[in-house]
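# Predicted model and sequence below, questions to follow.
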Amino acid sequence: MIPGTMPRYLSSLSTGFLCGINLYALVLVLVLLLPAQSLVHAQGSTLPELGEAATRYLSPDDEQMIGRRFLRELMATDSYISDHELRHYLNGLGKRIGSKANLGGITPKLNLIRENEINAFAVPGGYITFNSGLMLTTENESELASVVGHEIAHLSQRHLPRMIAQSQASKIPTTAAILASILVGGQAGVAGVTLANASLLSNRLAYSREFEREADAIGIDLMAKSGYDPRAMSAFFAKLQRFNFVSDKDVPEYLRTHPLSYTRMAETESRISAYPRVQHESSLDFHLARARVQALYGDPQTDTQQVLEDRITQSQGIQRRAWEYGLALALMEARRFDEAVALVDEVIRHLPDTPQVQAARAEITRQSGNPAAAALAYGELVEKYPESGYLRYAYLETLLEAGSAEEAKKSARFQLRRHPEEYELYPLLSRANVALGLLAEAHQADAEFHAVLGRFGAALSSLKLALRENNDESQYLTQAIEARIRELEREAADWKLREKY
């Protein structure tokens with residue numbers, strides 16, 4: 001590595017708050033690939049302004065590359081929650097708040113991992129990840145929105161490029177270690193950089209706190225503009241501080257990776273006081289999402305059904321119905337189908353026009369051994385609630401399970417034409433083609449899924465397999481595959497060039 005430049009992989013580094021959990025460190029060691037060509041030595045020692053100066057250090061294309069690599073690695077972990085219904089809710093929240101931020105045309109993409117620790121983090125390219133534990137800690141939608149707003153602020157203010165710029169300006173040989181320590185926070189981070197100059201480390205840690213304050217200020221403004229109650233941010237901070245006071249051993253990961261001083265809390269309170277009070281009622285979608293997390297992805301060491309039953313007795317109105325929905329899912333997971341059906345039907349009686357609850361009813365039918373009836377139910381829901389994209393995945397899965405591969409293929413192709421951004425439909429289309437004996441088209445669909453995630457080698461391999469399976473039986477398919485191979489080879493060559501030292 002050339003002295004004074006950033007290494008190719010920034011160990012444990014994200015614009016925010018990874019570190020502290022081995023999964024995060026592992027993912028980012030593999031993911032955060034920075035081309036040295038984009039890391040230009042700064043002429044001065046001051047922090048560059050947003051925009052062109054920050055872009056000298058990490059271009060928007062670089063950020064997209066990092067984000068796609070991050071998603072690829074995240075999806076390969078056991079902790080990744082591939083729950084389309086939950087991601088549909090989180091991405092709606094991110095889109096609403098992100099529309100008020102200057103993200104350069106990027107739409108935030110929110111993901112969820114199964115991790116009891118309270119934490120969230122953002123990665124360049126607009127990728128924000130929540131721990132399931134954080135969702136269960138929030139008591140209202142504004143609290144959750146406060147975390148989303150904070151993470152979006154880190155992205156909109158381009159804190160990672162600015163951090164790199166500042167480090168490059170100081171020509172620090174131990175840049176990677178120091179930046180890692182900033183993001184880890186606390187003694188664990190300091191221990192990792194014992195060879196670094198103490199005064200330089202102190203300066204970098206203070207700089208990180210500056211970014212935190214900036215993200216707080218912008219996050220509060222984004223919340224207010226999006227209709228949420230900014231006071232929820234200080235309420236969430238206070239809740240985390242209470243955890244800290246109870247036990248030093250069980251300090252929430254969020255506090256370790258987001259240093260929360262009394263000064264920062266006081267500044268947050270002062271900023272919030274400038275905004276008018278907002279009475280924001282948490283949406284039914286929020287309550288249902290939180291109940292779903294508790295039912296399906298809660299702490300495996302707890303008695304999930306007992307937790308949900310306790311929540312039901314302590315709640316009323318739509319909150320009670322949401323916890324009942326969660327309990328129905330938990331009963332389904334325990335294969336107590338009759339009880340699950342009775343409970344979810346009761347919830348439907350109170351919330352008759354709620355796609356999540358009706359989808360739960362269809363899913364119970366499917367898991368109880370009647371995929372054909374479930375597919376019929378899902379098909380009706382897809383028609384009735386076209387904006388609820390998560391229903392499309394459940395419908396295709398159920399069609400395949402019911403042996404209706406032709407209908408699944410037809411539906412998958414139709415949905416991909418209407419929603420080309422829903423790349424996770426490609427594996428389902430591939431499965432449908434396999435079931436129909438159309439192996440060339442199956443490999444073709446696989447290739448498109450790999451290409452979206454930047455797996456160009458796998459995508460090209462799949463396309464070559466598609467050519468072999470087709471064996472010129474369809475001249476049109478051969479030409480389409482060959483054209484796509486040439487296109488992906490050009491894109492792969494461009495990425496390879498940018499990834500060099």
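Thanks, I have it. Numbers count the residues shown, from 1 in each chain.
# Relative to residue 303, how far out is residue 324?
17 Å (Cβ to Cβ, to the nearest Å). In this view, the C-beta of every residue, glycine as well, is placed from N, C-alpha and C.
# Check residue 463 too.
Relative to residue 303, and taking Cβ to Cβ, residue 463 is found at 49 Å.
# ok, the two, which is more surrounded?
residue 463 (26 against 12; other Cβ atoms under 10 Å).
# Show the model's pLDDT score for that one.
Here the pLDDT value assigned to residue 463 is 97.
# State the phi and psi torsions of residue 116.
Note on residue 116: backbone dihedrals following degrees, to the nearest 10 are phi -70, psi -20.
# before we move on, which element is the closest residue in space to it that isn't next to it in sequence in?
With sequence-adjacent residues excluded and distances taken as Cβ to Cβ, 6 or more residues apart in numbering, residue 116 is closest to residue 133, at 4.3 Å. Remark: residue 133 resides in helix 132-137, with elements defined by DSSP states H and E.
# could I get that helix in CSV with only the CA atoms?
This file holds the C-alpha atoms of helix 132-137, laid out as CSV (Å, rounded to 0.1, in the frame of the first residue of the first chain):
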residue,chain,number,x,y,z
SER,A,132,-34.4,-6.5,15.0
GLY,A,133,-33.6,-5.5,18.6
LEU,A,134,-33.8,-1.8,17.7
MET,A,135,-37.2,-2.2,16.1
LEU,A,136,-38.5,-3.9,19.3
THR,A,137,-37.1,-1.2,21.5
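# packing partners for the following helix or strand past that helix?
Downstream of helix 132-137, the next assigned helix or strand under DSSP H and E is helix 141-156. In terms of contacts (3 or more Cβ pairs under 8 Å, 6 or more residues apart in numbering; DSSP states H and E), helix 141-156 is packed against helix 84-98, strand 120-123, strand 127-131, helix 198-225, helix 231-246.
# Mean confidence (pLDDT) on the helix or strand that comes right after the first one, please.
Towards the C-terminus, the helix or strand next in line after helix 84-98, according to DSSP H and E, is strand 109-113. This predicted structure assigns strand 109-113 an average pLDDT of 95.
# if we can go back for a sec, surely the residue nearest to residue 116 and residue 120 touch.
No - Residue 133 is beyond contact range of residue 120, at 10.0 Å (criterion: Cβ atoms under 8 Å).
# average pLDDT for the helix holding residue 133?
Averaged over helix 132-137, pLDDT sits at 94.
# likewise stretch 68-82?
pLDDT averaged over stretch 68-82 gives 89.
# And stretch 158-167, by the same measure?
Mean pLDDT, stretch 158-167: 72.
# repeat for stretch 489-497
Mean pLDDT, computed over stretch 489-497, is 80.
# Could you tell me how far the helix holding residue 133 lies from the centre of the chain?
With Cα atoms, centre = their mean, to the nearest Å as the basis, helix 132-137 stands 14 Å off its chain's centre.
# what do you get for stretch 269-277?
The answer for stretch 269-277 is 29 Å, by Cα atoms, centre = their mean.
# Can you give me the buried ones in that stretch?
Of all the residues in stretch 269-277, those buried under the rule 16 or more other Cβ atoms under 10 Å are 271, 272.
# Just checking, which helix or strand of the chain averages the lowest pLDDT?
The helix or strand of the chain with the poorest confidence is helix 186-191; it has a mean of 34 (mean pLDDT, DSSP states H and E).
# measure residue 296 to residue 85 for me?
Relative to residue 85, and taking Cβ to Cβ, residue 296 is found at 10 Å.
# what about the two, which has more around it?
Between residue 296 and residue 85, counting by other Cβ under 10 Å, residue 85 is the more crowded of the two (23 against 19).
# what residues are up against residue 371?
Contact analysis of residue 371 by Cβ atoms under 8 Å, 6 or more residues apart in numbering lists 398, 401, 402.
# Next: residue 236.
138, 143, 146, 147.
# The second one and residue 234 touch, don't they?
No - with contacts counted by Cβ under 8 Å, residue 143 stays clear of residue 234, the gap being 10.2 Å.
# How far off centre is stretch 115-131?
6 Å.
# Just put the helices and strands packed on helix 141-156 in CSV and tack on distance to residue 271.
Formatted as CSV, those follow (distance: least, Cβ to Cβ, whole Å):
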stretch, distance to residue 271
helix 84-98, 17
strand 120-123, 20
strand 127-131, 22
helix 198-225, 5
helix 231-246, 9
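# In this protein, where is pLDDT below threshold?
1-58, 164-207, 242-261, 496-501 (pLDDT under 70).
# center of it - which residue?
Nearest to the mean C-alpha position of the chain, by Cα atoms, centre = their mean, lies residue 111 at 1.9 Å.
# what bridges to it?
residue 129 (DSSP bridges).
# Might you report the residue contacts of it?
With Cβ under 8 Å, 6+ apart, residue 111 has these contacts: 71, 74, 80, 81, 87, 90, 127, 128, 129, 130.
# cool, residue 298 as well?
132, 136, 304, 307.
# repeat that with 6 Å
Residue 298 sits next to residue 304 when contact means Cβ atoms under 6 Å, 6 or more residues apart in numbering.
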